[in-house]
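Novice: Dropping the sequence and predicted coords here.
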Amino acid sequence: MPWLYTQMLLVITLSIGCSTQHNDIRIAVMALGPVSDRQIDAVVDGVQKVHHLRATILPGKSMPSSAYVRSRDRYDGNAVLADLSSIQVRDFDKVIGVTNFDIGINRDGERASGIMGIAELDGRAALVSTHRLSFGGVSPSKQMERLSRVAAHECGHTLGLPHCARKGCLMNDARGAIATIDATSGRLCVSCRFYRPFRLKDDALVNP
């Protein structure tokens with residue numbers, strides 16, 4: 001029956017296009033400060049399951065002391081991201097930093113705010129923080145699920161994916177709210193799976 005063949009073709013097409021079509025891109029994951037193996041594995045798992053890219057764990061490093069904002073007891077996300085981007089990681093195209101320290105940004109015309117992640121849009125570096133992922137007193141396994149989603153979201157930005165308004169898409173703009181991360185499906189919507197990134201200026205930054 002014609003409708004059956006159409007449905008089969010659609011399933012095959014979606015399967016082929018389930019990744020963000022960057023299969024040759026090499027991802028490095030690096031701890032910034034004390035980070036558990038379970039947390040690193042959650043980041044790797046999120047990148048590999050959502051984007052179908054192999055992620056390699058590299059030796060960690062400390063957070064850049066120059067990025068610490070003493071008055072808020074947190075690190076400047078933009079400064080840490082710039083430090084990550086400057087690291088010469090041979091044989092890798094992208095680097096994702098993972099930290100347990102709190103990070104934040106100063107938005108133009110707004111007060112400084114804490115965030116869960118930040119990335120260079122269509123760039124090289126992304127940063128994720130676990131500091132706010134325990135909100136609501138959730139279980140450790142729920143925290144790892146959140147971490148995987150934030151990591152996959154930020155990795156998506158480095159691949160050129162902007163925020164998406166489609167309900168349930170992993171690339172929804174969280175606007176700093178953990179509830180938005182919990183509400184997503186944990187997957188890319190069809191539009192984002194087939195998205196063809198366009199080149200943006202190198203200093204474009206985005207956060208959840």
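Specialist: Good, I have the coordinates.
Novice: where exactly do the helices run in this protein?
Specialist: Here the chain has its helices, by DSSP state H, at 2-16, 37-51, 77-86, 140-158, 178-183, 190-193.
Novice: Just name whatever secondary elements the longest one is in contact with.
Specialist: This points to helix 140-158. Judged by 3 or more CB pairs under 8 Å, 6 or more residues apart in numbering; DSSP states H and E, helix 140-158 is in contact with helix 37-51, strand 94-99, strand 117-120, strand 125-129, helix 178-183. Where you see a C-beta, it was placed from the backbone N, CA and C, and this is true even at glycine.
Novice: So which residue is smack in the middle of the protein?
Specialist: residue 154 (2.0 Å; CA atoms, centre = their mean).
Novice: To residue 165, which of the helices of the chain lies closest?
Specialist: Residue 165 sits nearest to helix 190-193 of all the helices of the chain, at 9.7 Å, using CB to CB.
Novice: buried set for the closest one?
Specialist: Buried residues in helix 190-193, counted by 16 or more other CB atoms under 10 Å: 192, 193.
Novice: Then stretch 172-185?
Specialist: Buried residues in stretch 172-185, counted by 16+ other CB under 10 Å: 172, 174, 178, 181, 182, 184.
Novice: Just give me the closest of the residues you listed to residue 124.
Specialist: residue 174 (22.0 Å).
Novice: returning to that earlier point: want to throw the helices of the chain into a markdown table with distance to residue 58?
Specialist: Supplementary listing: the helices of the chain in a markdown table, determined by distance: least, CB to CB, whole Å:
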| stretch | distance to residue 58 |
| --- | --- |
| helix 2-16 | 31 |
| helix 37-51 | 10 |
| helix 77-86 | 11 |
| helix 140-158 | 15 |
| helix 178-183 | 26 |
| helix 190-193 | 27 |
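Novice: Low-confidence bits of this protein, can you list those?
Specialist: Applying pLDDT under 70 to the chain picks out residues 1-23, 107-112, 196-208.
Novice: how about a cut-off of 80?
Specialist: Scanning the chain for pLDDT under 80 picks out 1-23, 89-90, 106-113, 176, 195-208.
Novice: just the helices and strands packed on helix 140-158: most buried one?
Specialist: Counting by mean count of other CB atoms under 10 Å, strand 125-129 has the highest mean neighbour count of the helices and strands packed on helix 140-158, with a mean of 29.
Novice: What helices and strands are in contact with it?
Specialist: With contacts taken as 3+ CB pairs under 8 Å, 6+ apart, strand 125-129 sits against helix 77-86, strand 94-99, strand 117-120, helix 140-158.
Novice: okay if I get these as a markdown table plus distance to residue 194?
Specialist: Shown next, in a markdown table, are these (distance: least, CB to CB, whole Å):
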| stretch | distance to residue 194 |
| --- | --- |
| helix 77-86 | 28 |
| strand 94-99 | 20 |
| strand 117-120 | 21 |
| helix 140-158 | 13 |
